[in-house]
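Asker: Whatever this is, show me its structure:
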Amino acid sequence: MSGISIYVHVPFCAARCPYCDFATAPATSRLRARYLAALVDEIAREGVRLGRPRVRTLYVGGGTPSLLEPEEIASLGAALRLAFELRPREATVEANPATLDRARLKAWIALGITRASIGAQSFSPEGLRALGRTHQPEDTAVAVAAIREEGLDVNLDLIFGWPGQSEAAWRRDLASAVALGVDHVSCYPLELRLDPEESVANWPGGGWEVLRRWRSRAAAAQPDDATIARLYRIAERELARAGYRHYEIANWSHPKKNSLHNLVYWRDGEWLGVGAGAHSHLGGIRSANPASLATYLARIAACEPRDVDGEADPAGEAAMLALRLDRGLDLRRYASRFGAVAAERVRSALAEVAPAGLVAVRGDRARLTARGRLLANEVFVRVLA
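Answerer: Got it, this is the predicted structure:
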């Protein structure tokens, strides 16, 4: 194997954000030490199984990886270096603005981190309260300054469409991100799933019913679809004006500052995911670990494999992922990879939505239009059908 990307999942959080669907767990979980030991075991096992390949990109996500103590970070780094040829072109860690202190930042740099992804979500007190966030608006600027002083690139995540958000509030959030001079901005609409999730088992308290009630109330107070569309177009205009390239539906970057790791996902590349709830795509097979910490620990102790996604549609998913990018889908290369029948299926699906102005097909290149980016799911459901 010439090289892969690796995603490492650190589920621990100081508090649970009620909108979050990722595999998370309390930072004080009694299972924390056992989890980190199991994570090291999984890394070692996968390194042997895959023949110690080179790591081309590394992403440590969560959860809140910036909560790890320096010695925990050092242990994780030692495990990765032992199991893999750890020479990534890019290595990213996700961080909460309030938890990335100097000692932790130095430990991440020693591991090889080259950029930090800051979960700001909003710069307004009202927005942070609406999203159930625990940090303060001023924490983000402090975190960005500390990261910049160490010479790292900075990604910033923002959420729009939170309950009560106005267009003026969204413009202020975008202006604050631009003023910080970050390299990369991700803007995600607030999505509130109302079906139970596996990671609820990791948290004490009221369980799914409490989350469901919060999400139902929040959904009822969200801006309507037309306002969400306007907020998205405001982001497109304001970030373009500030020199950011809109290279993926939800992502903007300065020149040569794209997220190389996330591009592996969107280009349907090869990656290994380790940790609870982590997904992998290796040898054309998609698989995942369970999100429940207890189940994950039992699986690792028993040396059981990840769950294979038997319902995956590799051809459809590759087309959908490519269409998320500004470069779009190369239909000729797609046909050479998946065959003429798959390519014709995609062409037919795109022809269905072309009259609505959602896609533009010129020669062998298909791209979402500006309207198509707003209504991308209308395209994707047909490509995946």
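
Asker: domains for this protein, by residue range?
Answerer: 4-266, 313-385 (automatic domain parsing).

Asker: Out of those domains, which is closest to Asp307?
Answerer: Asp307 sits nearest to domain 4-266 of all the domains of the chain, at 11.3 Å, using Cβ to Cβ. Where you see a C-beta, it was placed from the backbone N, CA and C, and this is true even at glycine.

Asker: Straight-line length of that closest one, end to end?
Answerer: Using Cα to Cα, to the nearest Å, one end of domain 4-266 lies 14 Å from the other.

Asker: Same check on stretch 258-269?
Answerer: One end of stretch 258-269 sits 16 Å from the other (Cα to Cα).

Asker: Figure out how far it is from the centre of its chain.
Answerer: Put simply, stretch 258-269 sits 11 Å off its chain's centre (Cα atoms, centre = their mean, to the nearest Å).

Asker: Same question for that stretch: list its buried residues.
Answerer: By 16 or more other Cβ atoms under 10 Å, the buried positions in stretch 258-269 come out as 258-266, 268-269.

Asker: isn't there a strand covering Ser186?
Answerer: Yes: under DSSP: H, G, I helix; E, B strand; the rest coil, Ser186 falls within a strand.

Asker: For the residue lying closest to Arg306 once chain neighbours are set aside, list each beta-bridge partner.
Answerer: Of all residues beyond its chain neighbours, the one nearest Arg306 is Ser287 (3.9 Å), with distances taken as Cβ to Cβ, 6 or more residues apart in numbering. In this structure, Ser287 bridges to Ser280, Val308 when assessed by DSSP bridges.

Asker: burial of Ser287, as a residue count?
Answerer: 18 (other Cβ atoms under 10 Å).

Asker: Also Arg337?
Answerer: Residues lying near Arg337 (other Cβ under 10 Å) number 14.

Asker: Tell me which helix or strand it sits in.
Answerer: Using DSSP states H and E, Arg337 sits in helix 331-338.

Asker: again with Asp139
Answerer: Per DSSP H and E: Asp139 is located in helix 137-149.

Asker: any chance of the domains of the chain in TSV, plus mean pLDDT and distance to Val274?
Answerer: Converted to TSV, the domains of the chain look like this (pLDDT from 0 to 100; distance: least, Cβ to Cβ, whole Å):
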stretch	mean pLDDT	distance to Val274
domain 4-266	96	5
domain 313-385	95	21
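
Asker: Quick one, which of the ones you listed gets closest to Thr295.
Answerer: The nearest among the domains of the chain, by Cβ to Cβ, is domain 4-266 at 8.1 Å.

Asker: ok, back up a step: can you lay out the domains of the chain as a markdown table showing distance to Gly283?
Answerer: Listed next are these as a markdown table, based on distance: least, Cβ to Cβ, whole Å:
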| stretch | distance to Gly283 |
| --- | --- |
| domain 4-266 | 10 |
| domain 313-385 | 11 |
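
Asker: Relative to Ala291, which of those domains is closest?
Answerer: Ranking the domains of the chain by their distance to Ala291 (criterion: Cβ to Cβ) puts domain 4-266 first, at 3.7 Å.

Asker: The stretch 201-350 of the chain: helices as residue ranges?
Answerer: With DSSP state H, counting those that start in this stretch as the criterion, the stretch 201-350 of the chain has helices at 208-221, 225-241, 260-266, 293-301, 314-323, 331-338, 340-353.

Asker: Equivalent analysis for the stretch 51-200 of the chain, please.
Answerer: Using DSSP H, counting those that start in this stretch, helices in the stretch 51-200 of the chain cover 70-83, 102-111, 125-130, 137-149, 167-179.

Asker: Can you lay out those as JSON lines showing mean neighbour count and distance to Thr64?
Answerer: What follows is the helices of the stretch 51-200 of the chain, written out as JSON lines (neighbours: other Cβ atoms under 10 Å; distance: least, Cβ to Cβ, whole Å):
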{"stretch": "helix 70-83", "mean neighbour count": "18", "distance to Thr64": "13"}
{"stretch": "helix 102-111", "mean neighbour count": "17", "distance to Thr64": "11"}
{"stretch": "helix 125-130", "mean neighbour count": "17", "distance to Thr64": "15"}
{"stretch": "helix 137-149", "mean neighbour count": "18", "distance to Thr64": "12"}
{"stretch": "helix 167-179", "mean neighbour count": "18", "distance to Thr64": "20"}
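
Asker: Using CSV, lay out those together with distance to Arg49.
Answerer: CSV is the format used below for these (distance: least, Cβ to Cβ, whole Å):
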stretch, distance to Arg49
helix 70-83, 10
helix 102-111, 22
helix 125-130, 42
helix 137-149, 34
helix 167-179, 41
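
Asker: I'd say Leu384 and Glu311 touch.
Answerer: No: counting by Cβ atoms under 8 Å, Glu311 is not a contact partner of Leu384; they are 11.0 Å apart.

Asker: And these two? Which one has more around it.
Answerer: Taking other Cβ under 10 Å, Leu384 and Glu311 do not tie; Leu384 has more neighbours (13 against 6).

Asker: give me the number of residues near the closest residue in space to that one that isn't next to it in sequence?
Answerer: In space, and not counting its chain neighbours, Leu384 is closest to Gly316: 4.3 Å by Cβ to Cβ, 6+ apart. As a burial measure, Gly316 scores 19 neighbours (other Cβ under 10 Å).

Asker: same deal with Gln165?
Answerer: The burial count for Gln165: 25, using other Cβ under 10 Å.
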